[in-house]
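This is a predicted model, with the sequence first.
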Amino acid sequence: MIKAVRGVRDLLPSETRHWQRVEHAARRVFEVYGYREIRVPIFERTELFAKGIGDETDIVKKEMYTFEDRGGESLTLRPEATAGVLRAYIENGFHVEPKPVRLYTMGPMFRYERPQAGRYRQFHQANVEALGETHPALDAEVIAMLMDFFGALGLAGQLELQVNSIGDRESRGIFVARLVEYLRPHRDELCGECRARIDRNPLRVLDCKVPSCQPIIEKAPSILEALSPEAAEHFDSVRSRLDAMALPHTVNPRLVRGLDYYVRTTFEVLTTALGAQNAVAGGGRYDGLIAHLGGPPDPGIGFAIGLERVVLLLGDQAGAAAPLALLIPLGDAALDRLLPAARRARQRGIRVEIGYGQRRLPRELERANRLGAPWAVIAGDDELANGEALLREMQSGEQRRVALDGLADELVRLAALSDGTALRP
Ligand code: AMP
């Protein structure tokens with residue numbers, strides 16, 4: 001038997017309903033904020049990611065699925081979405097549109113990481129980019145939209161929003177020099193990764209999770225003390241606008257994130273519910289990146305939501321995919337009458353299932369229970385003679401007669417009375 005590749009999984013019908021709900025919430029919230037969907041390729045030229053993410057990042061150094069195609073060109077399965085969206089922005093001349101240009105996309109990403117719960121080699125993100133505007137109000141608005149997405153799924157209460165500023169390019173350069181100076185004497189006490197990072201990507205030492213590194217990281221200089229006056233003002237302004245929108249947040253001066261091109265605002269949404277994989281979403285400002293990729297000098301800010309982790313958080317709360325009713329015809333003649341009634345209900349958005357008249361009533365009722373349907377509609381010869389069916393409330397077993405002609409109306413009424421779970425998302 002040929003099995004799926006390690007770290008790559010099927011999303012089975014029992015899960016896809018949760019996925020649809022998450023994707024639906026994302027689209028609805030993003031579009032209310034004026035974002036439009038863009039779909040970019042799953043693979044790009046390798047150099048786009050090397051340039052857009054940074055040669056010294058973990059992603060580019062260790063995690064990319066890179067291959068040569070038959071023409072000898074080096075291609076890479078996208079490990080994140082921003083580089084591809086910015087390439088499309090530049091290539092399609094989006095920069096002439098009114099700013100900020102607001103784009104979102106959703107789909108699979110690929111990273112060669114060590115698989116574990118909540119971490120896969122093919123995973124999915126929803127990504128948002130707002131391009132062409134530096135105002136700190138945009139940073140706050142983007143973060144508010146992210147939290148509204150979690151709010152729409154009822155998850156906001158169990159998540160923590162962390163924010164930071166890593167300064168502009170100049171002040172960051174000064175800080176990095178100071179950080180390296182602090183870290184060098186402690187080199188031997190750091191983990192192997194961090195020892196290498198001192199030379200390659202010193203900021204990343206700050207978000208190392210290895211326990212033995214923590215005492216050194218805790219005493220490291222704070223990036224917030226090294227901000228230029230402009231970067232400090234920008235950060236204060238973002239924070240006061242988050243406050244004005246009543247968005248609770250904590251400042252984490254060690255939140256540096258993985259991309260080389262982040263400047264100023266960075267943020268992450270964390271949970272305590274998923275063990276080690278505690279980041280559900282993250283993002284930041286990347287002014288200068290569009291120009292670096294050969295485009296106009298437009299600034300940008302964006303974020304990525306890890307959809308696997310959102311679905312995990314939803315857990316059972318996403319609700320079983322129960323139909324509102326099982327329609328049970330007892331025999332062929334009844335099937336002929338119930339099939340059109342089922343169709344009318346479905347055309348009005350009501351989820352029903354139907355039997356085909358071959359099983360006995362007790363077995364069909366058992367099936368209604370297993371499906372979790374709150375109602376059953378039973379039609380045998382007696383009822384049919386009067387143009388009626390029996391409507392049975394599964395929990396109480398109570399039954400009453402309903403006219404077959406009015407069955408779809410009755411189901412619509414019952415759906416409106418229930419909590420809506422039997423309706424289409
Ligand atoms: P990043 O682009 O690394 O900032 O990731 C953004 C979000 O994507 C993270 O907060 C995670 O929720 C999710 N994510 C990143 N890598 C993986 C992975 N290998 N498997 C599942 N989710 C991931």
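In hand now; what should we look at?

so what's the one residue in the stretch 1-150 of the chain that gets nearest to the ligand scoring on pLDDT?
Nearest to the ligand, among the residues of the stretch 1-150 of the chain, is Phe123, at 3.4 Å (CB to the nearest ligand atom). Yep, even glycine has a C-beta here, placed from its N, CA and C like the rest. On the pLDDT scale, Phe123 is placed at 98.

before we move on, what about Gly300?
97.

Now do the same contact list for it.
Applying CB atoms under 8 Å, 6 or more residues apart in numbering to Gly300 gives the contacts 86, 129-132, 285-287, 289-290.

List only those of the residues you listed flagged as buried.
86, 129-132, 285-287, 289-290 (16 or more other CB atoms under 10 Å).

Next up, phi/psi of whatever residue of the chain ends up closest to the ligand, please.
With CB to the nearest ligand atom, the shortest gap between the chain and the ligand falls at Gly306, namely 2.0 Å. In terms of degrees, to the nearest 10, the main-chain angles of Gly306 are phi -80, psi 110.

Tell me how many other residues crowd it.
Counted with other CB atoms under 10 Å, the neighbours of Gly306 add up to 23.

which residues touch it?
Counting by CB under 8 Å, 6+ apart, Gly306 has contacts 118, 123-125, 279-281.

what do you get for Tyr65?
76-77, 79, 110-112.

which parts of the protein sit against the ligand?
80, 111, 113, 119-120, 123, 125, 258, 279-282, 304, 306, 308-309 (CB under 6 Å from any ligand atom).

Which element is encountered next along the chain beyond the lengthiest helix in the chain?
Using DSSP state H to define each element, the chain has its longest helix at helix 13-32. Past helix 13-32, further along toward the C-terminus, the next helix or strand under DSSP states H and E is strand 36-37.

Counting by contacts, list what that following strand packs against.
strand 101-110 (3 or more CB pairs under 8 Å, 6 or more residues apart in numbering; DSSP states H and E).

what helices or strands is the next helix or strand after the strand it packs on leaning on?
Sequence-wise, the next helix or strand downstream of strand 101-110 (DSSP H and E) is strand 122-131. Secondary-structure packing of strand 122-131 (3+ CB pairs under 8 Å, 6+ apart): helix 13-32, helix 82-91, strand 101-110, helix 136-152, strand 300-306, helix 307-314.

ok, strand 122-131: who's next to it in the sheet?
Partner strands and pairing direction for strand 122-131 (DSSP bridges) are strand 101-110 (antiparallel), strand 300-306 (antiparallel).

Pull out the CA atoms of it and give them to me as PDB.
This file holds the C-alpha atoms of strand 122-131, laid out as PDB (Å, rounded to 0.1, in the frame of the first residue of the first chain):
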ATOM      1  CA  GLN A 122       1.800  20.700   4.100                       C
ATOM      2  CA  PHE A 123      -0.400  23.100   6.100                       C
ATOM      3  CA  HIS A 124      -2.800  25.800   5.300                       C
ATOM      4  CA  GLN A 125      -2.900  29.500   5.900                       C
ATOM      5  CA  ALA A 126      -5.200  32.500   5.400                       C
ATOM      6  CA  ASN A 127      -3.000  35.500   4.500                       C
ATOM      7  CA  VAL A 128      -3.800  39.100   4.500                       C
ATOM      8  CA  GLU A 129      -1.600  41.900   3.000                       C
ATOM      9  CA  ALA A 130      -2.400  45.700   3.100                       C
ATOM     10  CA  LEU A 131      -0.100  47.500   0.700                       C
END
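
and the angle from that strand to helix 307-314?
Angle of strand 122-131 versus helix 307-314, following axes from the mean of the first three to the mean of the last three CA atoms, to 10 degrees, is 100 degrees.

Distance from strand 122-131 to the middle of the chain?
Relative to the centre of its chain, strand 122-131 is centred 8 Å away, using CA atoms, centre = their mean, to the nearest Å.

Identify the bridge partners of the residue nearest to Glu410 when sequence neighbours are not counted.
Spatial nearest neighbour of Glu410, excluding adjacent residues (CB to CB, 6 or more residues apart in numbering): Val402 at 5.2 Å. Legend: beta-bridge partners of Val402 under DSSP bridges are Ala389.

show me the contacts for Val402.
Counted by CB under 8 Å, 6+ apart, Val402 has contacts 377, 388-391, 410.

Same check on Gly283?
128, 142, 146, 257, 266-268, 301-304.

three-state assignment of it?
strand (DSSP: H, G, I helix; E, B strand; the rest coil).

tally of neighbours for the nearest residue to it once chain neighbours are set aside?
Leaving aside its chain neighbours, Gly283 sits nearest to Phe303 (2.6 Å; criterion: CB to CB, 6+ apart). Neighbour count for Phe303, taken as other CB under 10 Å: 25.

looking at it, Phe303 is touching Asp139, isn't it?
No - if you go by CB atoms under 8 Å, Phe303 and Asp139 don't touch, sitting 10.5 Å apart.

ok, which pair from the contacts of Gly306 is furthest apart?
Largest separation among the contacts of Gly306 by CB to CB: His124 and Ala279, giving 14.8 Å.

what bridges to the nearest residue to His249 once chain neighbours are set aside?
Spatially, and ignoring its direct neighbours in sequence, His249 is nearest to Leu161 (4.3 Å; CB to CB, 6+ apart). Taking DSSP bridges, one obtains Val269 as the residues bridged to Leu161.

ok, Leu161 to Asn252 distance?
10 Å (CB to CB, to the nearest Å).

Residues that sit against both of the two, list them.
Glu268.

and the nearest residue to the residue of the stretch 1-150 of the chain closest to the ligand once chain neighbours are set aside, what does it touch?
Nearest non-adjacent residue to Phe123, counting by CB to CB, 6+ apart: Glu308, 5.2 Å away. Taking CB under 8 Å, 6+ apart, we find Glu308 in contact with 118, 120, 123-124.

of all those residues, which comes closest to Leu179?
Gly118 (29.8 Å).
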